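Student: For reference, the sequence and a predicted model appear below.
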Amino acid sequence: MVKNPALKLAFFAPRYWLTWLGVCFMYVISWLPQSTQFLLGKGLGRLVHRFLKKRRHIAEVNVKLCFPNLSAAQQAAMVRTNMENTGLATLETGMAWWWPQWRINRVIGSISGIEHIEAVQHSGKGVLLLVPHMLHLEMLGRILGVKQQGVGFYRPHNNALMEFFMTKGRLRSNEFLIGKRDVKGLLQALKNKKLCYYLPDQDYGRNRCEFAPFFKVADAANTTGTLLFASSKHCETLSLSGTRDAKGKYHLTILPALEHFPSDNANDDIIRVNTRMEEAIMHAPEQYMWLHRRFKTRADKDAPSYY
């Protein structure tokens, strides 16, 4: 459990100087007007599209697999826009970590469905909130924290100084954070009626996975960790949808709890989870993290890689 990360003297050693430079640059940029940051972010995204060919290729493959009904030109346009949103996400992280509350309030477009969270907690249970990997995820968490602070289930950063800034920033909207290996910690938080974030939509490998459809890929690998936590008698499973509109305002919708979930059929349960994730993504598919190798684990071990 992470509640109050400490700034250590060791962070001022030469090995962290480049990290300090990058963080200070992000911090200064975060105080610019939002419109200026969006222009810079889109420009950064265009550089990603042009020069980070490996990442662009991953996004191209994912979009092609998930949206085969789109023409080649439409797929290419989505990837370009997605790269721009990737650049924006870098600056949105600074906004989420360092903006004062009055600036956050100005970009809240709408928050609906909070009553679903409150109803579950009033019944004496915690909330397992399923969230897709939207590129502006840091901002969504900060904004939802205006209504209720949550518990982040996260992967610690390999760079100790970045871990300090990341946890410090995320604790602006979270009561505390739990490392991804602390299964008991998350189960205890659910037992204590906390709002706990969980992101079930990436490919975490063959261990503890179930193959089920995700968009048009019939046998995508999906973590069964979702079902492990959802099976706790101390929680209900809800989901979050979030988008950013053309004016830079964010819209969050919490959907009601999945009924009779989980069941005794893991594959059916994963399909229900993926359906919730797909519906959330389709509100703004260009704002989803398509740079992740979502389909790296093939059901057939001998099948060639998509990437």
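Tutor: That came through fine.

Student: Thought E138 was touching M289, still the case?
Tutor: No. Contact criterion Cβ atoms under 8 Å: M289 and E138 do not qualify, at 12.0 Å. For every residue, glycine as well, the C-beta is placed using N, CA and C.

Student: Is it correct that T243 falls within a helix?
Tutor: No. Under DSSP: H, G, I helix; E, B strand; the rest coil, T243 sits outside any helix and is assigned strand.

Student: Quick check: phi and psi on the closest residue to it other than its chain neighbours?
Tutor: By the measure of Cβ to Cβ, 6 or more residues apart in numbering, the closest residue to T243 outside its immediate chain neighbours is A284, 4.2 Å from it. Dihedral pair for A284: phi -160, psi 70, per degrees, to the nearest 10.

Student: what's the distance between A284 and K301?
Tutor: 35 Å (Cβ to Cβ, to the nearest Å).

Student: Looking at those two, which one has more neighbours?
Tutor: A284 (19 against 7; other Cβ atoms under 10 Å).

Student: I'd say the more buried one and Y250 touch.
Tutor: No. Using Cβ under 8 Å, A284 is not in contact with Y250; the gap is 10.7 Å.

Student: Give the buried residues for stretch 4-18.
Tutor: For stretch 4-18, burial by neighbour count (16 or more other Cβ atoms under 10 Å) applies to P5, Y16.

Student: Ok, stretch 21-32 next?
Tutor: Using 16+ other Cβ under 10 Å as the test for burial, stretch 21-32 gives V23, M26, I29, S30.

Student: pLDDT and secondary structure added to those, as JSON lines?
Tutor: Converted to JSON lines, the buried residues of stretch 21-32 look like this (pLDDT from 0 to 100; DSSP: H, G, I helix; E, B strand; the rest coil):
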{"residue": "V23", "pLDDT": "96", "secondary structure": "helix"}
{"residue": "M26", "pLDDT": "95", "secondary structure": "helix"}
{"residue": "I29", "pLDDT": "96", "secondary structure": "helix"}
{"residue": "S30", "pLDDT": "97", "secondary structure": "helix"}
